[in-house]
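> What follows is a predicted structure for the sequence shown.
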Amino acid sequence: MLLADKTVIITGASRGIGRAAARECARQGARVVIGHSGSGQGTEAAYSLIEEIKAFGGQAVEVGGDAADPDTGDKLVAGAVQAFGSVDVFVNNAGICPFHSFLDMPREVYLKTVNTNLNGAYFAVQAAANQMKNQGRGGAIIAVSSISALVGGGMQTHYTPTKAGLHSLMQSCAIALGPYGIRCNSVLPGTIATDINKEDLADEEKLAYMTSRTPLGRLGEPDDVAGPIVFLASDMARYVTGASLLVDGGLFVNLQ
Ligand SMILES: NC(=O)C1=CN([C@@H]2O[C@H](COP(=O)(O)OP(=O)(O)OC[C@H]3O[C@@H](n4cnc5c(N)ncnc54)[C@H](OP(=O)(O)O)[C@@H]3O)[C@@H](O)[C@H]2O)C=CC1
Ligand SMILES: C[C@H](O)[C@@H]1OC(=O)[C@H](O)[C@@H]1O
């Protein structure tokens, strides 16, 4: 098992990519902290994942908290330490992408997106890194950035800068935290079918277009991203830091 004896915190683990990653980390032997918003159906979804994980003999707890709140990172770390005694891996995954045009972007949509996807993440990464530094045995931090860190989206002008920001944060943190043995990397998913784009991809023309642009001939599934996250979290990636891994079925390189 690739993550035996490691405690992994994953934000936004109640649904989508985070949920698949949490399940796979637990299958690989990790003790998992399932982060979620603490509102709506997040809590119920987190408890159902705990049951799934316990059913195959894994260990998991949940911690609710708004990713936009700078204190949520401390809360996640405290939850991990209380339940499992340490933090070895932190996966910053929680995010939103409310598609909207640029010229009439409401300030509250822009600010909510940046606060949820990037500003809260900064402090959560800082909280996890301080815990890892104090433990004195290194660690791994992974940001779920996006192909959108590298390319734009006309309806994502508030979103793509947050993904570029996370990608850049991992590069700078790789330098800042390397001396403590803490590796920092990002995964850059392409288009993965989840709740975040359900409405957007309900448009059959858009769905067909995105599929046709993907050399592997299909959109991604959350499980497609779980493996790369486990790899970067594991000691198999012990000399990988400051890197980013596209997980996009070839979408990015498909110019013509
Ligand atoms: N799907 C895709 O095509 C791609 C997604 N990504 C990125 O992957 C990440 C996960 O997205 P995906 O799985 O698709 O999305 P989903 O909508 O399926 O899941 C989003 C997750 O984030 C949590 N979340 C949302 N808002 C908050 C908040 N304010 N505080 C705490 N948790 C919150 C949700 O928790 P709750 O259930 O409690 O609401 C949920 O667990 C995002 O960062 C996204 O940008 C990157 C590239 C492509
Ligand atoms: C939500 C989008 O469908 C998804 O998110 C991203 O980061 C990529 O840009 C995908 O298009």
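Looks like it arrived, so ask away. Ligands and ions are numbered 1, 2, ... in the order given.
> remind me, longest strand of this protein?
In terms of residue count, the longest strand belonging to the chain (DSSP state E) is strand 182-189.
> Now the element after it, going C-ward?
helix 204-212 (DSSP states H and E).
> Now do the longest strand of the chain: distance to the chain's middle.
9 Å (C-alpha atoms, centre = their mean, to the nearest Å).
> Where does the closest residue to residue 116 other than its chain neighbours sit: helix, strand or coil?
In this structure, residue 116 finds its nearest non-sequential neighbour in residue 68, 4.5 Å apart by C-beta to C-beta, 6 or more residues apart in numbering. Where C-beta positions appear, they are placed from N, C-alpha and C, glycine not excepted. Per DSSP: H, G, I helix; E, B strand; the rest coil, the local secondary structure of residue 68 is coil.
> Contact partners for the residue of the stretch 51-200 of the chain found nearest ligand 1?
Closest to ligand 1 within the stretch 51-200 of the chain is residue 95: 2.2 Å, counting by C-beta to the nearest ligand atom. With contact set as C-beta atoms under 8 Å, 6 or more residues apart in numbering, residue 95 has these partners: 12, 67, 116, 117, 144, 162, 196.
> and the nearest residue to the fifth one once chain neighbours are set aside, what pLDDT?
Spelled out, that is residue 144. Leaving aside its sequence neighbours, residue 144 sits nearest to residue 93 (C-beta to C-beta, 6+ apart; 4.1 Å). Residue 93 is assigned 98 on the pLDDT scale.
> same check, this time on the one 4 residues further on
Confidence per residue is given as pLDDT, and for residue 97 that number is 98.
> Next, count neighbours for it.
Residue 97: 21 surrounding residues under other C-beta atoms under 10 Å.
> and if you look at residue 47?
Residues near residue 47, counting by other C-beta under 10 Å: 15.
> Equivalent analysis for residue 130, please.
15.
> Strand 182-189 and the helix or strand where it lies, what's the angle between them?
Following DSSP H and E, the helix or strand that holds residue 130 is helix 120-135. Calculated by axes from the mean of the first three to the mean of the last three C-alpha atoms, to 10 degrees, helix 120-135 forms an angle of 150 degrees with strand 182-189.
> and helix 120-135, what other elements does it pack with?
helix 72-84, strand 89-92, strand 139-144, helix 160-177, strand 182-189 (3 or more C-beta pairs under 8 Å, 6 or more residues apart in numbering; DSSP states H and E).
> still on that earlier bit, my read: the residue nearest to residue 116 touches residue 121, true?
No. Look at residue 68 against residue 121 with C-beta atoms under 8 Å: they stay out of range, at 9.4 Å.
> Let me see the contact set for the residue nearest to residue 144.
10, 11, 12, 13, 17, 18, 21, 35, 144.
> tell me which of those residues is nearest to residue 209?
Comparing those against residue 209 with C-beta to C-beta places residue 17 closest, at 21.7 Å.
> before we move on, what SS does the closest one have?
helix.
> what sits against it?
With C-beta under 8 Å, 6+ apart, residue 17 has these contacts: 93, 144, 189, 192, 194, 222, 225, 226.
> From ligand 2, how far out is it?
Computed with C-beta to the nearest ligand atom, to the nearest Å, the distance linking residue 17 and ligand 2 is 10 Å.
> follow-up on the earlier one: the longest strand of the chain - what's its average pLDDT?
98.
> Wondering if that strand reaches ligand 2 at all.
No. Strand 182-189 does not reach ligand 2 (C-beta under 6 Å from any ligand atom); its nearest approach is 6.5 Å.
> same check, this time on stretch 138-153
Yes. Contact of stretch 138-153 with ligand 2 (C-beta under 6 Å from any ligand atom) involves 146, 147, 148, 153.
> hang on, isn't residue 156 packed against residue 146?
No. Between residue 156 and residue 146 there is no contact, the gap being 9.2 Å when judged by C-beta under 8 Å.
> Those two: which is more packed in?
residue 146 (30 against 21).
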